[in-house]
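Asks: Following is a predicted model, sequence given first.
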Amino acid sequence: MDPTASPRRAAAVSAALPLLALVLVAGCGGSGHAAPSPTVRTTTVARAPTAASTRTTAAAATAHEFPEFRIAMDEATDYLDPGLSDTAEGWGVMWNVYLPLLGYRHQNGPAGAKLVPYLATSLPRISKDRRTYRLTLRDNLRYSNNARVKASDFKATVERDFLLDSAGAAFFRNVEGAKRFAKRQKGGIRGITVDDATGAITIRLVTPQADFSNVLASEFAAPVPADSPPTDTSLHPLPATGPYEIKSYQPKSRIRLERNPHFQAWRFHKAVPAGNPDRVTWDIVPSASVALRRVLNGKDDWMSYYQVPSKRLPVIEQHRKWRLKFFTPPNLMYFFMNTQVAPFTSLKVRRAVNYAISRRWLKRLAGGLAHTTENILPPGYPSFRAHTLYRHDLRKAIRLVRESGFRGKKVFVWNHDVPADLPFTEYLVSVLNRIGFRAEKKVVTAGSYWTTVGNAKTRAQIGFANWVQDYPHPLDWFGLLDGRTITPTHNSNYANFDVGWANRDIEALTRPRKLTRTVDRRWAALDRKVMRLAPWAPFLNQEETDFFSTRVDLGCYVNNVLYEFDYASICVSKK
């Protein structure tokens, strides 16, 4: 996720599981190929939940319930509308609020990558030509406002994604009639047919799509009432289908969740937890230092999306290690370069940036909790093959800029005002100035950053981006470089990379039903070929931390491979 997240595929889940087993071992945060140096810790994979952490009976559920769980959260949430949110923060909040037809197990390790039915009665029945998906909605489902959940709500939800010009709309462009609807924005998407009486949902694709079941498990596919307005509803949250509903959202201040009074956990056969805390409060705070102080003082129970500051980490490890968890979700930090805007229309300039940056220095700026990389794909994927096309060479970078004819060009480096990410901007500005440009930083608020750089009118030349896995498939990464996904707004292809052979290779690799060794080799080769054109300068896969207050019982700790920490499953110590 763009941090966005969007899962896919049912028939190919068996292929995804070994992949994710490796992903979890690889490390948190992004991508990276360098082996950890002695100063960098290796990943600790959270142990599987014990029986005490699993809601198996009503009695056990009651034993783990408690009044409130408080979270110190960063300021990077973009939306709390499932049709618009494209950040790890937004998805992390809404995972237990808006349930898709399919979803992922609330478990640690590879088991957390397995697709299971959520609002649907079963995984989809897929036709022999792999173009038709059939599902059935569970009976008698209710929203948090007690309105009935209908099959037609799903169809309206997908159409709403297009009306919103949502980043998630791109996931459904392969549905018959979706492109026509995107242009006309009327008449409905003919490839989705529904029957409210039986709950039947049928989806017809234009071409086979190996990861479409994961698309159905994304927040963009989570049904909301058919009459939901095609506008941002973050401040007036839509009715929920999950164990929690969003009661209020005050940007820069607080998000408050409470139990959904109409959620019936028994209908979901343990696929979705009923939730242990009665209320979940997300306190939005301005820095990691503030978040750490609040957790140490017991005002909050968990640091959400903030990492323990590197200067404080040794002391925390020494004295409070039992409250600390390390993990490495598949993620990538990279600098995008807009291939449609000068000077980054020049291949020489884009390669110069890749040669000029010191990935080791960027690792130091990240506090050492990271692994350097030049790859698009993260390590741990069977399709990952580390390449070293751009060893640090400042002289070569200066020469390439001189040869490009763009020496002295004014360049703005974009980033959001997230304190942990701003040093990367400062560094890139200094590097660009050293190799011959006149560079300045351009910083916007975190909540509007992705939509700003994703708007064609902005013409953002170069900037910081990070991506957290939407779903366990290479398509989740190469979709960011597929020219066919470029849109005027909410565009995630910030490089505006649109190369015919690359688009065709990506399309061809969407067809295989399974990620075989041959298919993995083809993805690896594509990674190298695309990076020779240097639309990005990838640099780090970041390791992450979860830090908790003294009252939290980590015997219930669940860190899902896609959504990370699961607040619905956590327990607190009895006093």
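Replies: On my side now, so go ahead. Numbering: from 1, shown residues only.
Asks: who's in contact with residue 559?
Replies: Neighbouring residues of residue 559 by C-beta atoms under 8 Å, 6 or more residues apart in numbering: 46, 108, 112, 325, 327, 546, 565-566. No exception for glycine: its C-beta is placed from N, CA and C like everyone else's.
Asks: Model confidence score at it, please.
Replies: Residue 559 is assigned 92 on the pLDDT scale.
Asks: shift numbering so it begins at 792
Replies: Yes, from this point I'll number from 792; that puts the last item at residue 1350.
Asks: Let me know the distance separating it from residue 898.
Replies: Noted for residue 1350: a distance of 9 Å to residue 898, by C-beta to C-beta, to the nearest Å.
Asks: Also residue 919?
Replies: For residue 919 relative to residue 898 (C-beta to C-beta), the value is 32 Å.
Asks: between these two, which one's more packed in?
Replies: Legend: neighbour count by other C-beta atoms under 10 Å for residue 919 and residue 898, higher for residue 898 (21 against 6).
Asks: can you pull out the helices in the stretch 1042-1191 of the chain?
Replies: Ranges of helices in the stretch 1042-1191 of the chain, per DSSP state H, counting those that start in this stretch, are 1079-1087, 1104-1111, 1138-1147, 1150-1156, 1185-1195.
Asks: Contacts for the second one, please.
Replies: With C-beta under 8 Å, 6+ apart as the contact definition, helix 1104-1111 has outside contacts at 1099, 1114-1115, 1158, 1160, 1336, 1338.
Asks: taking the mean pLDDT, what do you get for that helix?
Replies: The average pLDDT within helix 1104-1111 is 91.
Asks: Extract the CA atoms of it and return them as CSV.
Replies: Taking Å, rounded to 0.1, in the frame of the first residue of the first chain, the C-alpha atoms of helix 1104-1111 are listed here in CSV:
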residue,chain,number,x,y,z
LEU,A,1104,16.2,1.9,21.1
PRO,A,1105,19.3,0.5,22.9
VAL,A,1106,17.9,1.6,26.3
ILE,A,1107,14.4,0.2,25.5
GLU,A,1108,16.0,-3.1,24.4
GLN,A,1109,18.0,-3.3,27.6
HIS,A,1110,15.3,-2.5,30.1
ARG,A,1111,12.0,-3.1,28.4
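Asks: Next, the buried residues of it.
Replies: Buried residues in helix 1104-1111, defined by neighbour count with 16 or more other C-beta atoms under 10 Å: 1104, 1107.
Asks: relative to helix 1079-1087, how tilted is it?
Replies: Put simply, helix 1104-1111 runs at 0 degrees to helix 1079-1087, going by axes from the mean of the first three to the mean of the last three C-alpha atoms, to 10 degrees.
Asks: what do you get for the last one?
Replies: Helix 1185-1195 and helix 1079-1087 meet at an angle of 130 degrees, taking the same axes, to 10 degrees as the criterion.
Asks: Relative to the whole chain's centre, how far out is helix 1185-1195?
Replies: 35 Å (C-alpha atoms, centre = their mean, to the nearest Å).
Asks: That one: what's the following helix or strand?
Replies: Later in the chain than helix 1185-1195, the nearest helix or strand by DSSP states H and E is strand 1201-1207.
Asks: So what touches that next one?
Replies: 867, 1134, 1212-1213, 1215-1216, 1219-1220, 1223, 1228-1237, 1240, 1243-1244, 1251-1255.
Asks: can you pull the buried residues of it?
Replies: Neighbour count says strand 1201-1207 has 1202-1207 buried, by 16+ other C-beta under 10 Å.
Asks: what does stretch 881-898 give?
Replies: Residues 881-898 are the ones in stretch 881-898 that count as buried (16+ other C-beta under 10 Å).
Asks: Span of stretch 1091-1099 from start to end?
Replies: Start-to-end span of stretch 1091-1099 (C-alpha to C-alpha, to the nearest Å) is 14 Å.
Asks: contacts for that stretch?
Replies: 860-865, 867, 879-880, 883, 1073-1074, 1076, 1078-1079, 1082-1083, 1085-1086, 1107, 1115, 1158, 1160, 1211, 1335-1340, 1342-1343, 1356, 1358, 1361, 1363.
Asks: and the closest residue to residue 1181 other than its chain neighbours, how many neighbours?
Replies: Leaving aside its sequence neighbours, residue 1181 sits nearest to residue 1145 (C-beta to C-beta, 6 or more residues apart in numbering; 3.8 Å). When neighbours are counted by other C-beta under 10 Å, residue 1145 registers 24.
Asks: Contact partners for residue 1145?
Replies: 1165, 1180-1181, 1325, 1328.
Asks: What of residue 859?
Replies: Contacts of residue 859 (C-beta under 8 Å, 6+ apart): 1068-1072.
Asks: tell me the SS of it?
Replies: strand (DSSP: H, G, I helix; E, B strand; the rest coil).
Asks: roughly how far apart are the residue nearest to residue 1281 when sequence neighbours are not counted and residue 1208?
Replies: Using C-beta to C-beta, 6+ apart and skipping residues adjacent in sequence, the residue nearest residue 1281 is residue 958, 4.5 Å away. From residue 958 over to residue 1208 the distance is 21 Å, taken as C-beta to C-beta.
Asks: again, but for residue 1135
Replies: Taking C-beta to C-beta, one finds residue 1135 at 23 Å from residue 1208.
Asks: Look at those two and report which has more neighbours.
Replies: residue 1135 (24 against 15).
Asks: can you tell me how far that one sits from residue 1203?
Replies: Residue 1135 is 12 Å from residue 1203, by C-beta to C-beta.
Asks: any common contacting residues for the two?
Replies: Common neighbours of residue 1135 and residue 1203, counting by C-beta under 8 Å, 6+ apart, are 1252-1253.
Asks: ok, which stretches of the stretch 992-1141 of the chain are strands?
Replies: Counting by DSSP state E, counting those that start in this stretch, the stretch 992-1141 of the chain has strands at residues 1035-1041, 1045-1050, 1068-1075, 1093-1095, 1115-1118, 1122-1128.
Asks: Now the weakest link among the ones you listed, please, by mean pLDDT.
Replies: Among those, strand 1115-1118 carries the lowest mean pLDDT (a mean of 91).
Asks: What is that strand packed up against?
Replies: strand 1335-1338 (3 or more C-beta pairs under 8 Å, 6 or more residues apart in numbering; DSSP states H and E).
Asks: what's in contact with the following helix or strand past the strand it packs on?
Replies: Using DSSP H and E, the helix or strand that follows strand 1335-1338 towards the C-terminus is strand 1343-1344. Residues from elsewhere that reach strand 1343-1344, judged by C-beta under 8 Å, 6+ apart: 1092-1093, 1114, 1361-1364.
Asks: and with 7 Å instead?
Replies: 1092, 1361-1364 (C-beta atoms under 7 Å, 6 or more residues apart in numbering).
Asks: so after that strand, what's the next helix or strand?
Replies: Assignment by DSSP H and E places the next element after strand 1343-1344 at strand 1350-1351.
Asks: can you give me the mean pLDDT across the helix or strand following that following strand?
Replies: Using DSSP H and E, the helix or strand that directly follows strand 1350-1351 along the chain is strand 1355-1356. Per-residue pLDDT over strand 1355-1356 has a mean of 92.
Asks: Restricted to strands, list the buried residues of stretch 881-898.
Replies: 893-895 (DSSP state E).
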